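**Student:** With the input below, show me the fold.
(one chain, ligands or ions: 1)
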Amino acid sequence: MTAELDAIAQKMVADGKGILAADESSGTIKKRFDAIGVESTEENRRDYRELMFRSEAMTKYISGVILYEETIRQKAKDGTPLVSLIQQAGSIPGIKVDAGAKPQPAFPGETITEGLDGLAGRLKDYYDLGARFAKWRAVIDIDTAKGIPSYGSIRANAHALARYAALCQEAGIVPIVEPEVLMDGSHDIDTCYRVTEWVLKTTFEELYYQRVRLEGMVLKPNMIVPGKKSAKQASVEEVAEKTVRVLKSCVPSAVPGIAFLSGGQSDEDATAHLDAMVKLGGLPWKLTYSYGRALQAAPQKAWAGKAENVAKAQAAFTHRAHMNSLAALGQWSSEEERKAA
Ligand code: 13P
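**Tutor:** Coordinates of the predicted model:
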């Protein structure tokens with residue numbers, strides 16, 4: 001079992017490949033569809049995700065796909081399970097298993113991610129449906145004037161992440177451990193650094209107490225960036241240097257790979273930051289992408305819900321995946337971006 005877990009984790013972060021986060025909940029996908037004027041029906045959600053899973057990007061640049069509950073049970077228009085499309089492309093199906101971040105009692109403005117009750121049984125079902133990895137997202141906001149984040153919220157979220165990870169490994173499923181420090185707000189980059197350091201230290205302490213096998217997991221962190229409303233934005237080099245520094249001080253080298261979330265960065269920023277980190281070199285783990293928005297914004301816009309735009313949307317998705325694949329190898333450049341566009 002442990003050898004299989006480790007092999008899956010390594011495949012998830014294979015050279016030049018990364019993860020597509022297509023696990024938007026019903027509420028989130030509705031927001032994305034609203035933005036392109038598409039009604040969020042079960043059929044539209046299926047058609048949209050099917051076009052991605054049938055694109056060239058899947059065989060070349062996507063090691064795994066994080067699915068939502070609905071999608072893991074859905075069939076393509078021709079009746080093929082969507083999970084089979086992913087497997088046929090040589091990619092690994094994964095599943096979001098948390099039940100969302102809910103207001104944490106006694107901690108106004110903070111959330112605790114739910115979903116542990118009954119998780120062992122659900123993981124067994126997901127394994128039978130083909131999932132070989134899972135995702136759980138803890139959400140940490142920054143609002144220093146209000147004392148957010150607090151010790152109690154970070155501790156509770158890290159503990160839940162570790163409980164989830166242990167349950168996954170017991171079920172033969174690789175846990176993606178995602179403690180996301182949000183980039184909303186007006187804090188500066190060094191505040192993001194301090195909070196992320198605290199969150200990662202606490203998360204790895206809890207993973208240790210819950211006896212999680214680090215070789216059989218993938219970490220999905222935020223990068224070290226200033227808040228979107230901060231007056232002082234940061235250069236690509238500063239983001240890369242600070243992100244690598246905090247990860248080196250918090251993430252044991254037994255972890256095979258780190259796959260970043262994009263968190264609301266622009267498509268090109270998310271790519272440029274990853275590329276700059278890989279170019280720094282001398283890293284004890286693989287670095288790659290597990291992007292939602294930064295991989296899907298372009299294809300969503302190109303598709304706009306119209307069947308005649310499917311090929312254009314697939315090309316847009318493949319282009320972003322290709323650029324991020326180059327970044328994960330430290331081979332991206334803005335010239336590369338224009339050449340291929
Ligand atoms: P973004 O890349 O859009 O942040 O999404 C990744 C993800 O899975 C968030 O949980």
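
**Student:** burial of the nearest residue to R293 once chain neighbours are set aside, as a residue count?
**Tutor:** What sits nearest to R293 in space, not counting adjacent residues and going by Cβ to Cβ, 6 or more residues apart in numbering, is S262, at 5.3 Å. To be clear about C-beta, it is placed using only N, CA and C from the backbone, and glycine gets the same treatment. Neighbourhood size, S262 [other Cβ atoms under 10 Å]: 26.

**Student:** Hmm, L274 and S262 touching each other?
**Tutor:** No: between S262 and L274 there is no contact under Cβ atoms under 8 Å: 9.4 Å.

**Student:** what number of residues lie near M1?
**Tutor:** 11.

**Student:** How about S266?
**Tutor:** By other Cβ under 10 Å, neighbour count at S266 equals 12.

**Student:** how far away is it from the ligand?
**Tutor:** Counting by Cβ to the nearest ligand atom, to the nearest Å, the gap from S266 to the ligand is 12 Å.

**Student:** R211 now?
**Tutor:** In terms of Cβ to the nearest ligand atom, R211 sits 25 Å off from the ligand.

**Student:** Quick check: chain neighbours aside, which residue is closest to that residue?
**Tutor:** A166 (6.5 Å).

**Student:** neighbours around the one you found, how many?
**Tutor:** Residues lying near A166 (other Cβ under 10 Å) number 18.

**Student:** isn't there a helix covering it?
**Tutor:** Yes: checked against DSSP: H, G, I helix; E, B strand; the rest coil, A166 lies within a helix.

**Student:** how close does it get to G257?
**Tutor:** 19 Å (Cβ to Cβ, to the nearest Å).

**Student:** Check D78 too.
**Tutor:** 34 Å.

**Student:** next one: A307
**Tutor:** Plainly put, A307 is 37 Å away from G257 if you go by Cβ to Cβ.

**Student:** More neighbours: which of the two?
**Tutor:** G257 (23 against 8).

**Student:** residues in contact with the nearest residue to the more buried one once chain neighbours are set aside?
**Tutor:** Nearest residue to G257, sequence neighbours excluded (Cβ to Cβ, 6+ apart): V13, at 2.9 Å. Counting by Cβ atoms under 8 Å, 6 or more residues apart in numbering, V13 makes contact with 63, 218, 256-259, 285-286, 288.

**Student:** In a markdown table, list these along with distance to Q314.
**Tutor:** Supplementary listing: the contacts of V13 in a markdown table, determined by distance: Cβ to Cβ, whole Å:
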| residue | distance to Q314 |
| --- | --- |
| S63 | 18 |
| V218 | 26 |
| P256 | 30 |
| G257 | 27 |
| I258 | 28 |
| A259 | 23 |
| W285 | 31 |
| K286 | 27 |
| T288 | 22 |
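
**Student:** Compute the number of surrounding residues for the residue in the chain that the ligand sits nearest to.
**Tutor:** Closest residue of the chain to the ligand, Cβ to the nearest ligand atom: G292 (2.8 Å). Per other Cβ under 10 Å, the neighbour tally for G292 reads 20.

**Student:** give me phi/psi at T144?
**Tutor:** phi -60, psi -30 (degrees, to the nearest 10).

**Student:** wait, it sits on T191?
**Tutor:** Yes: taking contacts as Cβ under 8 Å, T144 lies within contact range of T191: 6.4 Å.

**Student:** Looking only at neighbour counts, state which of those two leads.
**Tutor:** The residue with more neighbours, out of T144 and T191, is T191; 18 against 14, by other Cβ under 10 Å.

**Student:** residues in contact with that one?
**Tutor:** The contact partners of T191, by Cβ under 8 Å, 6+ apart, come to 142, 144, 227.

**Student:** Confirm A240 sits in a helix?
**Tutor:** Yes: A240: assigned to a helix according to three-state DSSP.

**Student:** quick one, what contacts it?
**Tutor:** Taking Cβ under 8 Å, 6+ apart, we find A240 in contact with 273, 276-277, 279-280.

**Student:** just A9 next, same as before
**Tutor:** 133, 174, 215-218, 256-257.

**Student:** Give me the subset of these that lies in strands.
**Tutor:** 133, 174, 218, 257 (DSSP state E).

**Student:** would JSON lines of these with pLDDT and distance to the ligand be doable?
**Tutor:** Shown next, in JSON lines, are those (pLDDT from 0 to 100; distance: Cβ to the nearest ligand atom, whole Å):
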{"residue": "F133", "pLDDT": "99", "distance to the ligand": "12"}
{"residue": "V174", "pLDDT": "99", "distance to the ligand": "15"}
{"residue": "V218", "pLDDT": "99", "distance to the ligand": "12"}
{"residue": "G257", "pLDDT": "98", "distance to the ligand": "15"}
